[in-house]
Structures are given as C-alpha cells and as structure tokens.
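Colleague: the sequence and its predicted three-dimensional model are supplied below.
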Amino acid sequence: MSTLRKHIATQDGIAMPVAIMVLFIVLTLTAAAVAVSVQTSSTTQRDNNVKAALAAAEAGLETATYRLDILHPKEAGEKNCVGREAVEAPSLTGGYCKEVKEELGNKASYSYWTSEALGSSASCVGQNITSQESLAQRCVVAEGVFNGVKRRVSQRIAAFVAKPLFPVHGVTGLKKVTLENNSIDKGSAGSNGKITIKNNGKVSEVCELGPSGEVETKSNAECVEVRKRSTAEGPLTLGAVEPGNSAEKCTIVGGKVTSGNSDCLITHYLNYLKNKEKEPVAPYDTAEKVEFNEVTRKLNMENNTLLVLKEGTYNFCSFEAKNNAKIQLAAEAKVVIYIDSAKRTGSGCPAEGSGVFKVWNNAEIINPSKNPTSLIIYVYDGSGGEVYIKNNAELYGTIYAPQSNVKIENNGTVHGAIAGNEVELGNNFTFEWDSRDAGIETGTVGDYYRSSWEECAPETSSSSPQSGC
C-alpha cells in the first residue's frame, strides 16, 4: 500500500502542465483562426473596394459615351472632344479633353477623359475598325475611386458618321445617267452603270463611275474628265429616304406647327374657301384653286392655280402641277417636301398612284431665295410613279429620289443637285450644281458602341491619360 501511495505521489502536479499545453494549443488555434479571419475580412474588403472602384470607372465610361451621343461633336476634319457639358478642343497629350471628375456618393467617384476622333495610327485599346462606311472612332479613359482604392479602364468606341447626301457634286443616277440633245451638266455626273452623253450633250466636270461603270459619248458629246472608283472605294451609294413623322397630322401650338406635317396649312385655306368663312384659320398657306385630299394626301394643281408654301415639312402621296400652275415659297421660307409611298409601312398612302412628283407644261416652282437648300424634295419610292419636270421650268432646289427614275427635259433648268436611280436629262435642259448642296448630310453622327475594353495600370506613366493602358 505504501508503494502505491509512493507511486501516486510521484505524479503530483502533472495535470497543470497538461492543462497549460492544451490551453496553449487552443490559444494558438484561436489566434490562427482570428488571423485568418482578419486576413479574409481584409481581403474581402479589399476585393469589395476593387469591385466598387471598377464599377465607378465603368460608370465614367458610360457617362462619357452618353455625353458624346448627346453632344455629337462633328467628326469630319474636326479636332474636338467633350467635357461635362460642352464640346471642347483637346488640351492634353494624345488629343484628350481635360479631366471631368464627378462624385457618386458613398466614398465613390469617377473621372473620365475623351479623345478627339482617332486617326488610323492613334493609340487605343483594340484594333482600328475598317469599313466602307464612314466611321468615327474615339478612345475614352476612366478612373474609378472607392474608399481609397483606384482602378482605371479604357475603351475604344465607334459610330457611323453622317455622309454627304450627294456623293457626286452634280447629277447621280445609281443605274444610269443619260444626257442628250444639247443638254448640259454644269457639274459632275456619277453612276455605277453607264453614263451616256450624246447629241451635243456635255458634262463640264467629272464623270465618276463605280468599279463596273462606263461612259459612252457620241455625236459631238463630251465628258471633260472620267474617273473610275477602285474596288476598295466601292460603288456609289445613296442613303434611304427617312420621312420620320412627316406622315402624321399636324399639331399646332401658339400659331405654329410643332409636330407632324404642315399639310394642314393647305387644308385651312381650302376649308375657308369651301365654307365661305370670313377668314382662314391661322396659320395657313394660300391655295387658290388647288385640289388637295388630306386623307389620301394627293395634291393636284392646274390651269393657273397658285400655292404659297410657308416654312415647314410637307408630306404628299402624290404631287402634280401643270398648265401654268405656280408653287411659290414664302419669303425666306425653308421647305422640305416628302413624296411618300404605300410601300412604306405607316405612310397611309393609297396603293395606287403614290410616289409621283410631276411639274410640267409651264408649271413652275418659285424659290425667291434662289438657295437650293431652301427647297428639298425627297421621294421615298418611285417604282409606282415617276419624278418628272418638263417644259420651260426653272427650279432652284434639291431633288433626292434614290429609288426613282428622274426625267427632266425641254428647256428646263435646275440649279442645285439631283440624285435618282436612273436620271435622264434631255432636249436643251441645263443643270447647274450649287455648292451649298454639298453641306446636306444623311444624318448626324450615330450613337457610339464599344468595340474594345481593357483595364489599365492604376497610375499613369506619363501626361497622357492613355498611358499605362
């Protein structure tokens, strides 16, 4: 018994070291868990900050792109970009506008820089986009900051740019152009098919051909210069006619047409004549002996009738004036006439007889300003009708009918520009190009779309916003 007690006595105090060792292990594991937890929390916080900074930078890119779409700085030959509220000239290295910085709240902010229109060798993310269509490309750099963490991104954006409405400074017929019987084109002529000049006809400047086009001259005819476009340049093209909301009935506010077409100005006067009212409803166009149906939008004039058009946009399904009828623009008025077609969805035109524009038998359109851009005639679709001007008419105006066959003849003169599917000028007709038509464009710069994106180094390496990307 004494031996057992003696043996037990030798184990006195062992529980304490064991307890301490266990406690040390627990503390060590707890410390490790706390450290891992702290590190994980820190990493998570850092990751959240990075994501928020990237989101802020992306907001900068989107804001800059939106402002480019809204402000639409001109592209062709222009060196400009956008700031916060206006188009600006670039002032930083690489052709960038100065920084625009904005707060997003909750410790987040962004800055962005937009470039001028890029040249083919300009530095930006991604590859330069090539196309037969006219494109504008820009670089946008944005920096996002959140809770002290900074991230920078860059993108290349592109948009289709408005092109001149008339690719040739003169007469354009996509399929063919014909000049005959002493007709003279005092400008250029262009076609993807054949340009035929005969019987003393003459083109005073360039006959421009698509890659498969040709010129035929005979019987003392002349084209001063012939130029054929290369395969890379491609054929001559004409944009589509876009009538917009011009087929809608007019809305008048404060004595002015605020939406839809101006056809109601003719109706106001015709109702005054029909109902023998004391005076026509204002505003109105003087329309003596004019026939106009506001439902079918067919206008007919003959036998010394008179129509005076105020400034506005008119939409007719057909337009015919003959036998000394006279159409006159009001002083300083700018008038756009759309000849619509039943083939266009939503036009409201009848199936028969639409797409016609005819001025003949000594009828005339008088443009007091003699500025062809003050009278623009757009024809949507000529397959069911024709564009026809004949007999001693002199017109200062612009005719754009890319799907129509245009025929002008018999001592008439047009000052301005002409484009059609097929164009025929004959019998002592004279055309004179007016350089003011060169400024008419197919539209504004389209909306930008992103073609490339990349994340840049958080800090720039030079004075250019693009550095480090």
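Modeller: Received it, and whenever you're ready, just let me know what you need.
Colleague: where are the low-confidence patches of the protein?
Modeller: Counting by pLDDT under 70, the chain has low-confidence residues at 1-13, 33-44, 74-78, 120, 130-134, 382-385, 443-446.
Colleague: the longest strand along it pairs with which strands, and in what direction?
Modeller: Looking across the chain with DSSP state E, the single longest strand is strand 394-409. The strands beside strand 394-409 in its sheet (DSSP bridges) come out as strand 375-379 (parallel), strand 387-390 (parallel), strand 413-426 (parallel).
Colleague: what's the shortest one in contact with?
Modeller: The list of residues contacting strand 387-390 from outside it, by Cβ atoms under 8 Å, 6 or more residues apart in numbering, reads 339, 357-361, 379, 395, 399, 401, 404-410, 412, 414, 420. In this view, the C-beta of every residue, glycine as well, is placed from N, C-alpha and C.
Colleague: try 7 Å this time
Modeller: Outside strand 387-390, the residues within contact range by Cβ atoms under 7 Å, 6 or more residues apart in numbering are 357-360, 379, 395, 399, 401, 404, 406-410, 412, 420.
Colleague: what's the answer for stretch 118-127, then?
Modeller: 128, 137-139, 154-156, 451-454, 466, 469.
Colleague: if any of these are buried, put those into a PyMOL selection.
Modeller: A single PyMOL command selects the buried members of the contacts of stretch 118-127 (16 or more other Cβ atoms under 10 Å):
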select buried, resi 137+138+139+154+155+156+451+452+466+469
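Colleague: remind me, longest helix of this structure?
Modeller: In the chain, taking DSSP state H as the definition, the longest helix is helix 15-71.
Colleague: next secondary structure after that one?
Modeller: Using DSSP states H and E, the helix or strand that follows helix 15-71 in sequence is strand 81-82.
Colleague: which helices and strands does that next one pack with?
Modeller: Counting contacts by 3 or more Cβ pairs under 7 Å, 6 or more residues apart in numbering; DSSP states H and E, strand 81-82 packs against helix 15-71.
Colleague: quick check: closest non-adjacent residue to Asn220.
Modeller: Asn200 (5.1 Å; Cβ to Cβ, 6 or more residues apart in numbering).
Colleague: what is the burial count for the one you found?
Modeller: Asn200 has 16 neighbours, counted by other Cβ atoms under 10 Å.
Colleague: confirm that it sits in a helix.
Modeller: No - read with DSSP: H, G, I helix; E, B strand; the rest coil, Asn200 is coil and lies in no helix.
Colleague: residues contacting it?
Modeller: Counted by Cβ under 7 Å, 6+ apart, Asn200 has contacts 182, 219-221.
Colleague: list the beta-bridge partners for Lys358.
Modeller: Beta-bridge partners of Lys358, counted by DSSP bridges, are Glu320, Tyr388.
Colleague: that one and Asn323 touch, don't they?
Modeller: No - in this structure, Lys358 is not within contact of Asn323 by Cβ atoms under 7 Å, at 11.7 Å.
Colleague: and the two? Which one has more around it.
Modeller: Set Lys358 next to Asn323 and count neighbours by other Cβ under 10 Å: Lys358 wins out with 19 against 13.
Colleague: neighbours of Val26, how many?
Modeller: 10.
Colleague: quick one: it from Lys334, how far?
Modeller: Separation of Val26 from Lys334 (Cβ to Cβ, to the nearest Å): 89 Å.
Colleague: now Phe166
Modeller: From Phe166 over to Lys334 the distance is 18 Å, taken as Cβ to Cβ.
Colleague: those two: who's more crowded?
Modeller: Phe166 (25 against 16).
Colleague: surely that one is within a strand?
Modeller: No - read with three-state DSSP, Phe166 is coil and lies in no strand.
Colleague: quick one: the residue nearest to it when sequence neighbours are not counted from Cys124, how far?
Modeller: Sequence neighbours aside, Ala417 is the residue nearest to Phe166 in space, at 4.8 Å (criterion: Cβ to Cβ, 6+ apart). For Ala417, the distance to Cys124 (Cβ to Cβ) stands at 37 Å.
Colleague: got it, and Thr345?
Modeller: 40 Å.
Colleague: and Pro402, by the same measure?
Modeller: To Cys124, Pro402 is 35 Å away according to Cβ to Cβ.
Colleague: common neighbours of Lys358 and Asn323, please.
Modeller: Contact criterion Cβ under 7 Å, 6+ apart; residues shared by Lys358 and Asn323: none found.
Colleague: now the angle from the helix or strand where Ser109 lies to helix 15-71?
Modeller: According to DSSP H and E, Ser109 maps onto strand 108-114. In terms of direction (axes from the mean of the first three to the mean of the last three Cα atoms, to 10 degrees), strand 108-114 departs from helix 15-71 by 40 degrees.
Colleague: got the CA positions of strand 108-114 in CSV?
Modeller: Extracted in CSV, the C-alpha atoms of strand 108-114 (Å, rounded to 0.1, in the frame of the first residue of the first chain):
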residue,chain,number,x,y,z
ALA,A,108,-17.1,56.6,-54.7
SER,A,109,-16.1,58.9,-57.6
TYR,A,110,-15.0,58.7,-61.2
SER,A,111,-13.0,60.8,-63.7
TYR,A,112,-13.0,60.4,-67.4
TRP,A,113,-11.1,61.7,-70.5
THR,A,114,-12.4,61.6,-74.0
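Colleague: let's have the chain start at 9 instead
Modeller: Shifting the count to begin at 9 puts that one at strand 116-122.
Colleague: the helix or strand just after it pairs with which strands, parallel or anti?
Modeller: The helix or strand immediately downstream of strand 116-122 is strand 143-154, counting by DSSP H and E. Next to strand 143-154 in the sheet, as set by DSSP bridges, lie strand 116-122 (antiparallel), strand 157-168 (antiparallel).
Colleague: and Thr204, how far is that from Glu224?
Modeller: 5 Å.
Colleague: try Gly68
Modeller: Distance of Gly68 to Glu224, given as Cβ to Cβ: 59 Å.
Colleague: who has more neighbours, those two?
Modeller: More crowded of Gly68 and Glu224, by other Cβ under 10 Å: Gly68, with 26 against 12.
Colleague: dump the residue contacts of that one.
Modeller: Residues counted as contacts of Gly68 (Cβ under 7 Å, 6+ apart) are 118-120, 150-152.
Colleague: from those, which is closest to Glu432?
Modeller: Set against Glu432, the nearest of those by Cβ to Cβ is Tyr120 (54.1 Å).
Colleague: does the closest one touch Glu70 like I think?
Modeller: No - shown here, Tyr120 and Glu70 do not form a contact pair, counting by Cβ under 7 Å, at 9.4 Å.
Colleague: coming back round to it: just send the strands paired with strand 143-154 back as CSV, with distance to Lys306 too.
Modeller: Conversion of these to CSV gives the following (distance: least, Cβ to Cβ, whole Å):
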stretch, distance to Lys306
strand 116-122, 50
strand 157-168, 36
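Colleague: sounds good, over and out.
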